[in-house]
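*Asks:* what would the 3D arrangement of this be:
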Amino acid sequence: RTRKKGGNTGYIEFPRPLHRKNGGEITMSETEKKIDLKLILSIIAAGIMSFSGVVVETAMNVTFPTLMEEFGIGTSTVQWITTGYLLVLASIIPASSYLKKRFTTKSLFVTAICLFIIGTVMAACTPVFSLLLAGRLIQGVGTGIALPLMFNIVLEQVPEEKLGLMMGIASLITAMAPAVGPSVGGMIVSNFGWRMIFAALIPLLVLSFLFGIFSIRQVTQTQKVSFQAVDYLFLIIGFACFIFATSTASEAGWTSIPVLLLFLAGILAIVIFYRRSMKSDLPLIDLRVFHCLPFTFSVLVLILIQFICLGLGFLIPNYAQLVSGQEAFLAGCLLLPGCLAGAVLSPVSGRILDRFGAKKPILLGNLCIIVSLGCFSIFAGKLTTVLFVVFYLFFAFGQGFSVGNSMTNGLSHLSAKRNADGNAVINTLQQLAGAIGTSVVSSIVASAQAAMPGDMAQATRWGSSYAFYLLAVLAVAMICCSLGAFATAARKKEICHTTV
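*Replies:* Just a heads-up that it's a prediction; the model follows:
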C-alpha cells in the first residue's frame, strides 16, 4: 500500500503492513520480518559502496611509496589519503540518524552512490595530489551515507533469530575489502599504475546502483525533524582537531604547543557538543545510549579493534617495501590470506552467536588478536614474509569473531527506538578510531625516519617496532572492555531497554 508524505506529492511504498510503536514511530513488526531477495540485494547494494570505499583505502596504503615519489611528498602528507577519507566518514556518519528519519532510504542511497562515482572519476583523472585528495574526500561523503544505511537495513528488516547471521554477512561485505585491497592494489600499481585502482571500481558501482534502485524499500515513515547544525559543527571541530593533532605530531612532536592546543580544542568542542546534546529534546545523536554500560564497553572494543586494524594496514605493506625491499604487489599480498579467512569467519561467528550467545566467540576472537599483536611485538625487528602472513592470520581470525558479534551484542542492549543512534555512534567512532590509528602509527614511523634520515630501512624498522608495542597494549585494553561488557550485561539489561 502507499502512504502520502505530508503535503508533498511524493509517496512512500510500504511493502508490508506497518505498526506504530517506539513512541509513535511506524515500523515493521517482528512477525512481518523475513529474509527475501529484495532484502539481500539491498544489503549488497549498500555494501558494495562500503566495500569500494574500504578497497580503495587499503589499496592506496600499498601505493604510498609510489605516490610519495610521483608527487614529491612525505609520509606525513601521503597518509592523508587514508586519514582525510576517514575524517570525512567520521564527520558524515553522525548525521545518519537524522538522515534516516528525514529522507527515504532509496533517496539516501542514490545520493551516496552519485557522490562516490564523482569522487572516483576525479581521483582517477587527477594530475596533482590535491585533486586526488579531494576525490577521496568526496568518496568519503558517499561511503559515510552508505555504511550506516547497510546496517540500518539489517536492523530494521531482519528477524531477531537471524540477526547475528545477517550482521555477520553485512560485516563480511566490508571485511572482504581489506583482503582484496592491498593485493589488488599492489598488482595494479605494478602493472597499470595507481589510477587504475579507481577506474576498476566503476563497473561495481554501476551494479550497486542497479541493485539499489530495484530492491531498496522503505519500512519506516519519514519525519520532518530539525537538523542541529550548531551541535554538528562542534562535533566536526572536535574530530578535526584530534586528527590534525595526531597528524601534526609526526613533525612537531607530541608535546609541542600546536599539538597540545589542538588536543585541548578538540576536547573542548566534544564537551560542548555533549552538554548541548544532553539538554536537547531532539539531539543530533541521542547520547543517552552511553548510559547503557554493556553498549558502551562494546563500542570501546570496536574502537580499539578498528585502531589496531588500520594501524596494521599501514605498517605491514610499508615495512615490507621499505625494510624488506619487496615489490608493491607482494607487500599487498601479505594481508590477503588473513583477510580472506577473517571475512569468511564473520557470518560463521554470527551464527555461533545466534546459537550460543556472544561471550564465547567474542572472547575467543579477542584472545587471537592479543596473540597476534604479542607476536608482532616480539619479532618486530626481524619480521619476514612468512611471519607477517602467520601473525596476521591470527589477527584476522580474531577480528572475524570479534567485530560483528561485538556490534550485535552492544546494539542488543538498546531499545529498538535507539538502534539508529547506537548504529551512528558505532560507525562514527570506528571511522574516527581508524583515522587516528593511521595518523598515530604513521607519525611514530615518520618520527623515527626523521631521526635517522640517512637510513630509511633501519628507521622504518625501529618506528614500526614502537608502533607494534603500542598496538599490543591496546589489544590488552580491548579484552578488558569485552569482559566489562559481559560483567555489566545482566545487571544493566533491564535499565538499558526501558530507558535507552
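
*Asks:* all contacts plus neighbour counts: C-alpha atoms, from now on.
*Replies:* Noted.

*Asks:* which pLDDT value belongs to L474?
*Replies:* Looking at L474, its pLDDT reads 95.

*Asks:* tell me how far it lies from A170.
*Replies:* Using Cα to Cα, to the nearest Å, L474 is found at 26 Å from A170.

*Asks:* neighbour count: those two, which is higher?
*Replies:* Neighbours per residue (other Cα atoms under 10 Å) separate L474 from A170, with A170 holding more: 24 against 19.

*Asks:* the strands in the chain, which residues?
*Replies:* 2-4, 11-13, 18-21, 25-28 (DSSP state E).

*Asks:* worst mean pLDDT among those strands?
*Replies:* Among these, strand 11-13 scores lowest, at a mean of 38.

*Asks:* dump the residue contacts of the residue nearest the centre of the chain.
*Replies:* The centre of the chain sits closest to Q431, judged by Cα atoms, centre = their mean, with a distance of 4.4 Å. By Cα atoms under 8 Å, 6 or more residues apart in numbering, the contact set of Q431 is L86, L87, L89, A90, Q306.

*Asks:* for the last one, list the residues it contacts.
*Replies:* Which is Q306. Going by Cα under 8 Å, 6+ apart, the list of residues near Q306 reads Q430, Q431, A433, G434, G437.

*Asks:* over to S215?
*Replies:* K38, L39, L41, S42.

*Asks:* export those to CSV and tack on neighbour count and pLDDT?
*Replies:* Compiled in CSV, these are given as follows (neighbours: other Cα atoms under 10 Å; pLDDT from 0 to 100):
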residue, neighbour count, pLDDT
K38, 15, 82
L39, 18, 83
L41, 19, 86
S42, 25, 86
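
*Asks:* how far is the biggest helix by length in the chain from where the chain is centred?
*Replies:* Ordering each helix of the chain by length in residues (DSSP state H) puts helix 456-499 first. Relative to the chain's own centre, helix 456-499 is displaced by 16 Å; criterion: Cα atoms, centre = their mean, to the nearest Å.

*Asks:* from the contact counts, what lies against that helix?
*Replies:* helix 293-322, helix 359-378, helix 419-451 (3 or more Cα pairs under 8 Å, 6 or more residues apart in numbering; DSSP states H and E).

*Asks:* just so I know, which of those helices lies nearest I153?
*Replies:* Smallest distance to I153 across those (Cα to Cα): 10.2 Å, for helix 419-451.

*Asks:* so how far is that closest one from its chain's centroid?
*Replies:* 10 Å.

*Asks:* and for stretch 349-369?
*Replies:* 20 Å.

*Asks:* and stretch 303-320, by the same measure?
*Replies:* 13 Å.

*Asks:* give the rounded mean pLDDT of it.
*Replies:* For stretch 303-320, the per-residue pLDDT averages 86.

*Asks:* CA atoms only: put it into PDB for me.
*Replies:* The C-alpha atoms that make up stretch 303-320 are tabulated as PDB, following Å, rounded to 0.1, in the frame of the first residue of the first chain:
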ATOM      1  CA  ILE A 303      37.100   1.400  18.600                       C
ATOM      2  CA  LEU A 304      40.200  -0.400  19.700                       C
ATOM      3  CA  ILE A 305      40.000  -3.200  17.000                       C
ATOM      4  CA  GLN A 306      39.500  -0.500  14.300                       C
ATOM      5  CA  PHE A 307      42.500   1.400  15.600                       C
ATOM      6  CA  ILE A 308      44.600  -1.700  15.500                       C
ATOM      7  CA  CYS A 309      43.300  -2.900  12.100                       C
ATOM      8  CA  LEU A 310      44.100   0.400  10.300                       C
ATOM      9  CA  GLY A 311      47.400   0.600  12.100                       C
ATOM     10  CA  LEU A 312      48.400  -2.800  10.900                       C
ATOM     11  CA  GLY A 313      47.100  -1.900   7.400                       C
ATOM     12  CA  PHE A 314      49.600   0.900   7.300                       C
ATOM     13  CA  LEU A 315      52.500  -0.800   9.000                       C
ATOM     14  CA  ILE A 316      52.700  -4.100   7.200                       C
ATOM     15  CA  PRO A 317      52.800  -3.000   3.500                       C
ATOM     16  CA  ASN A 318      55.200  -0.200   4.200                       C
ATOM     17  CA  TYR A 319      57.500  -2.300   6.400                       C
ATOM     18  CA  ALA A 320      57.600  -4.900   3.600                       C
END
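
*Asks:* flag every buried residue along it.
*Replies:* 303-320 (16 or more other Cα atoms under 10 Å).

*Asks:* cool, and stretch 403-419?
*Replies:* 403-416, 418-419.

*Asks:* and the end-to-end length of that stretch?
*Replies:* OK, stretch 403-419 end separation, Cα to Cα: 17 Å.

*Asks:* which one of the contacts of Q306 is nearest to I73?
*Replies:* Of the contacts of Q306, the one sitting nearest to I73 (Cα to Cα) turns out to be G437, at 20.7 Å.

*Asks:* S226 versus the closest residue to that closest one other than its chain neighbours, what's the distance?
*Replies:* Of all residues not flanking G437 in the chain, F307 sits nearest, at 4.5 Å (Cα to Cα, 6 or more residues apart in numbering). Remark: distance between F307 and S226 (Cα to Cα) = 33 Å.

*Asks:* likewise I272?
*Replies:* For I272, the distance to S226 - Cα to Cα - is 19 Å.

*Asks:* of the two, which one has the most company?
*Replies:* Neighbour comparison, I272 and S226: the larger count goes to I272, with 14 against 11 (by other Cα under 10 Å).

*Asks:* hang on, the more buried one packs against L233?
*Replies:* No: assessed by Cα atoms under 8 Å, I272 is found out of contact with L233, at 10.5 Å.

*Asks:* residues near R355, how many?
*Replies:* That count, for R355 with other Cα under 10 Å as the rule, works out to 12.

*Asks:* number the chain from 10, please
*Replies:* With 10 as the first residue, the last one maps to R364.

*Asks:* for P168, see how far away it is.
*Replies:* 14 Å.
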